[in-house]
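Engineer: Everything below, folded, please.
(one chain, ligands or ions: 1)
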Amino acid sequence: MKQFPKRTIAHCSTVLSLLIASNAFAQTGLPAYDLLLHQGHVIDARNHIDSVMDVAIKDGKVAKVAEHIPSTDALKTIDAKGLYVTPGLIDLHVHVYSGTGERNSYAGDNSVPPDGFTFRVGVTTVVDAGCSGWKNFEDFKQRIIDRSKTRVLAMLNIVGSGMRGDKYEQNIADMDGEATAQMALKYPQTVVGIKTAHFGGPEWTPVEQAVIAGTKANIPVMVDFGTDRPTRPLYDLLTKKLRPGDIYTHMYSGLRQEQDPTTLGPSKAFIEGRKRGVYFDAGTGGGSFKWSLAVPMVKDGFIPDSISTDLHIGSMNGATKDALNVASKMMAIGLSLQEIIAEMTSHPAHEIKREDLGNLSQGSVADIAVLRVEKGHYGFTDMQNTRVDGTEKLVAELTIKDGKIVYDLNGMEAKLWNEPLDPNAKYASRWTTFAPRPPDTHNTPGKEMPH
Ligand SMILES: [Zn+2]
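Structural biologist: Reported below is the predicted structural model:
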């Protein structure tokens, strides 16, 4: 053991000198691509691709998708045969404003730190659904958004103080569409929507103020419609109050007239809302998903526009668990893998007007999930603890964010410990985060990162 530190130092200095040498080199001699995903089944709904393809990445961007790209054109090639290669998944409804220390609050203890729940299930982008309002968004930004490896976007709560419990969320005086729009417009790269949630009163105020904010900032409104009230019927919300392009979340909760009591399919409100262009989001959460709705509504063809989790401390270990568990649930009741991938990539990107995300177009940011469909016997539960059985489950083998591997379940990119080093090992930091890097490439503290 006494020798160990010495050896480590010697090894480090070798690596360091290699890295310094590589930096000094003009990079003209390098292959065209940094990373090549070889022969995976690519599903890219935006570009109508659903076949075996090679995907090449360079400088953090998708450089080429084609039937055959020679591996000599890339520094590193990974064999993806038998796996699905998709754009990095987008979870449109999560709660990640953790770390403030506030109890019983989604701007605190009820939220989860994003990086612990994302890359391991192929998710590269999450949208925080209203944990912060215009008054505390900047605290959320500096505390979580700017420090996470996951791309964290946000919908501002129409309540200025955010999702901090009834004392705040039932206070109509703190719902200011104008002030909310101003904060959204200050951070157009990060704020992608307005959220109204949990309201119990008879008034339309939260929805109306949210629509004012959404209209001024040109972003969608997402509605968790709170308590079902006869003064504000779901039909009016979906046919009059919301705009086409706004989003109704918790679509299979059954808490607010979502289901037609006779047919068990979608209610008239849902059918008319969809015709008008309102989007419907899963947001399964802790108490917002019932098989007794999902099964007949999917059978009737009323499938989600976007599949999201509503991840928080009450759903992470419950029926929801994570994005791929929710996706597998939807497969168990008849959605195709192609539909699911669209609903977790290009669809949510479109809903939040971020067409730059959720696709593998040439030049797009290289956020990629490599997924395996496992076969076996699986059980999927809902908020009432009833179960649907399934035979397929999605698992993330590899997740790539901004062109670099950030998660690798079974070490697909790694060499065996007793094999010779990868000949391009000195360039490994071009394709993976699991590589030594020179000390001068650390992020500058305080620098604003694009999201
Ligand atoms: Zn939620």
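
Engineer: mind listing what whichever residue of the chain sits closest to the ion touches?
Structural biologist: In the chain, the residue that lies nearest the ion is residue 310 (4.2 Å; Cβ to the ion). C-beta coordinates here come from the backbone N, C-alpha and C atoms, glycine included. By Cβ atoms under 8 Å, 6 or more residues apart in numbering, residue 310 lies in contact with 93-95, 129, 249-250, 283-286, 288, 320.

Engineer: can you tell if stretch 90-108 touches the ion?
Structural biologist: No. Against the ion, stretch 90-108 shows no contacts by Cβ under 5 Å from the ion, the least distance being 5.6 Å.

Engineer: list the buried ones in that stretch?
Structural biologist: 90-100, 102, 105-108 (16 or more other Cβ atoms under 10 Å).

Engineer: Quote the end-to-end distance of that stretch.
Structural biologist: One end of stretch 90-108 sits 23 Å from the other (Cα to Cα, to the nearest Å).

Engineer: what's the average pLDDT for that stretch?
Structural biologist: Averaged across stretch 90-108, the pLDDT comes to 97.

Engineer: Okay, and the nearest residue to residue 66 once chain neighbours are set aside sits in which element?
Structural biologist: Nearest residue to residue 66, sequence neighbours excluded (Cβ to Cβ, 6 or more residues apart in numbering): residue 54, at 5.9 Å. If you go by DSSP states H and E, residue 54 is part of strand 49-58.

Engineer: ok, residues contacting that strand?
Structural biologist: 32-44, 62-69, 73-74, 85, 338, 360, 366, 368, 400, 403, 431.

Engineer: Now stretch 226-238: average pLDDT?
Structural biologist: Here the average pLDDT along stretch 226-238 is 97.

Engineer: Centre of the chain to that stretch, how far?
Structural biologist: Offset of stretch 226-238 from its chain centre (Cα atoms, centre = their mean, to the nearest Å): 29 Å.

Engineer: next one: stretch 305-316
Structural biologist: Relative to the centre of its chain, stretch 305-316 is centred 10 Å away, using Cα atoms, centre = their mean.

Engineer: Ends of it, what's the gap?
Structural biologist: End-to-end for stretch 305-316, by Cα to Cα: 22 Å.

Engineer: residues in this protein within reach of the ion, list them.
Structural biologist: So the chain meets the ion at 129, 310 (Cβ under 5 Å from the ion).

Engineer: switch the cut-off to 8 Å
Structural biologist: 93-95, 106, 129-130, 163, 197, 224, 249-250, 283, 285, 288, 310, 312 (Cβ under 8 Å from the ion).

Engineer: nearest to residue 181, of the residues you listed?
Structural biologist: Checking those against residue 181 by Cβ to Cβ gives residue 130 as the nearest, at 14.8 Å.
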